[in-house]
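Q: Predicted model and sequence follow; I will ask about them next.
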Amino acid sequence: MKTRSAFFIAFLLAPSLWSQGADDSAMTLVPAQLSHQRNGLGNVLTKLKAGQPVKIAYLGGSITAANGWRIKSRDWFAQQYPQAKIEEIHAAIGGTGSDLGVYRVERDALRHQPDLMFVEFAVNDGGAKPEAIWRAMEGIVRQTWARFPHCDLCFVYTFKVGYETDLRQGKCPQAASADERLAEFYGIPSINFALKVVEMESAGKLIFQADKEQTPPPGKVVFSNDGVHPLDAGHAIYTEVLAQAIQSWVPTSEPVNHETKLAKTFVPDHFQAAKIVEVSPSMLSGSWKKLTSDEGLGKNFGQRMDTIWEGTHPGDTLHFRFKGSSASLYDLLGPDGGQVIITVDGETRPKPVPRFDSYCTYHRIATLSLATGLDPDKVHEISVEIHPDQPDRHPVAFRLKNPEEELKDAKFQGTKIRAGGVLLLGDLVE
């Protein structure tokens, strides 16, 4: 108890530090609470109580992409406010963190004009440094309020096995702690789903993880099969925590113009300027073709990429110029992926970079860093050229039943590169 009391004293002193922005000399874990109202959700709650239409965006990873707490919470809002039309903006992509979220928040969420946006990256940001989390998450906050100063934000923290160590001590794990410090600075409400899961497990009411075939003991809920992705009962717990938090905020939440909060920054190198730039025909040379949106990969990934260009032959090149500090390729990885030669400001990397990895039994969205730490005041020139050789396919062999034969299949042949955009911290120069 003495340690816990001392920790809460430190927490009470922390706002003076937060008011000065980030202190990256040390990352102190902050106390875990089921919810923090802070400035609340006054704007969206006012619209809901008035029966006005409301759009709710869900920006996150696979936990949010699943038909779980996202769907359940949307339905809860509709039940609580039956006179208001509730529209969902699905802006979650599995396996991605805030480092991609900050680039795609405009395309996937803000262009649909949300009134409320939940941001869920505490699990997928679990291995990131606090400084990287702050740059990305602050970029999301500032992009949102620069566009829509009356859009309310709410950070939510989900659970994965391993987080219970800190949570049992009353502390948020590192990623959620980093988010909490940013949330405190900007007055953003937060809801800690993970804490409730750990509280239930400690009370003997829940099992973190069990095989599908395993029958749980009577009176216990199985949270997940893999320790990360909740089963329906786990998503129900998340939704219940969210509902209780928002209901407790209703009486005291007042409308806020969030634009006034942008006068100060938490970190000086935040990613407010992050954006996705669509690949145009003028950026391409060679035999690239635009995938159609009504079939195949163009249809499967069209929700997240406005256009997808497929390069097949060695020498096919994507070339662009921009003024800024970093650039990445927003692309698809897959079993037929090739490798690329990257040239930045006339300097070519010594080795080609494969667009294939140990997960490539299927196609998925990915990013490839092309250049970082560039002079932001200069114009830079970048080219991405398909290399003539296929990458080594053996990293995926352990996922195959008969790798020596299956790797000979046409599925694993090719030098294809599929570009869905360019991620820029800066601006494209035509």
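A: On my side now, so go ahead. Quantities reported herein were computed from a predicted structural model and do not represent experimental measurements.
Q: Surely Y330 is within a strand?
A: Yes: counting by DSSP: H, G, I helix; E, B strand; the rest coil, Y330 is located in a strand.
Q: correct me, but it touches Y103?
A: Yes: between Y330 and Y103 there is a contact under C-beta atoms under 8 Å: 7.5 Å. For glycine as for every other residue, the C-beta is placed from the backbone atoms N, C-alpha and C.
Q: Of the two, give the one with the bigger neighbour count.
A: Per other C-beta atoms under 10 Å, whichever of Y330 and Y103 has more neighbours is Y103, with 28 against 24.
Q: what secondary structure does that one sit in?
A: In three-state terms, and counting by three-state DSSP, Y103 is helix.
Q: Distance of it relative to L329?
A: 12 Å (C-beta to C-beta, to the nearest Å).
Q: who touches both of those two?
A: Taking C-beta atoms under 8 Å, 6 or more residues apart in numbering as the criterion, Y103 and L329 both touch L423.
Q: For Y330 and Y103, list the residues in contact with both.
A: What both Y330 and Y103 touch, as defined by C-beta under 8 Å, 6+ apart, is the set I276, L423.
Q: For the stretch 51-200 of the chain, which segments are assigned as helices?
A: 62-65, 69-80, 98-108, 130-147, 164-167, 174-186, 193-202 (DSSP state H, counting those that start in this stretch).
Q: Which strands or helices does the very next helix or strand once past the last one pack on?
A: Reading on from helix 193-202 to the C-terminus, the next helix or strand found by DSSP states H and E is strand 206-209. Where contact means 3 or more C-beta pairs under 8 Å, 6 or more residues apart in numbering; DSSP states H and E, strand 206-209 is packed against helix 193-202, strand 221-224.
Q: With distance to P335 and mean pLDDT added, can I get the helices of the stretch 51-200 of the chain in TSV?
A: TSV is the format used below for the helices of the stretch 51-200 of the chain (distance: least, C-beta to C-beta, whole Å; pLDDT from 0 to 100):
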stretch	distance to P335	mean pLDDT
helix 62-65	21	97
helix 69-80	30	98
helix 98-108	22	97
helix 130-147	30	98
helix 164-167	37	98
helix 174-186	31	98
helix 193-202	35	98
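Q: In the chain, where is pLDDT below threshold?
A: 1-26 (pLDDT under 70).
Q: so which of the helices and strands packed on strand 206-209 gets nearest A245?
A: helix 193-202 (9.8 Å; C-beta to C-beta).
Q: Next, the angle from the closest one to helix 69-80.
A: 100 degrees (axes from the mean of the first three to the mean of the last three C-alpha atoms, to 10 degrees).
Q: i'd like the first residue to be 6 from this point on
A: With 6 as the first residue, the last one maps to helix 198-207.
Q: Would you mind extracting the C-alpha trace of helix 198-207 into CSV?
A: Extracted in CSV, the C-alpha atoms of helix 198-207 (Å, rounded to 0.1, in the frame of the first residue of the first chain):
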residue,chain,number,x,y,z
PHE,A,198,-10.5,-1.5,-21.3
ALA,A,199,-7.3,-3.5,-20.3
LEU,A,200,-7.6,-2.6,-16.6
LYS,A,201,-11.1,-4.1,-16.4
VAL,A,202,-9.9,-7.3,-18.0
VAL,A,203,-7.1,-7.6,-15.4
GLU,A,204,-9.4,-6.8,-12.5
MET,A,205,-11.8,-9.5,-13.6
GLU,A,206,-9.0,-12.0,-13.9
SER,A,207,-7.7,-11.1,-10.4
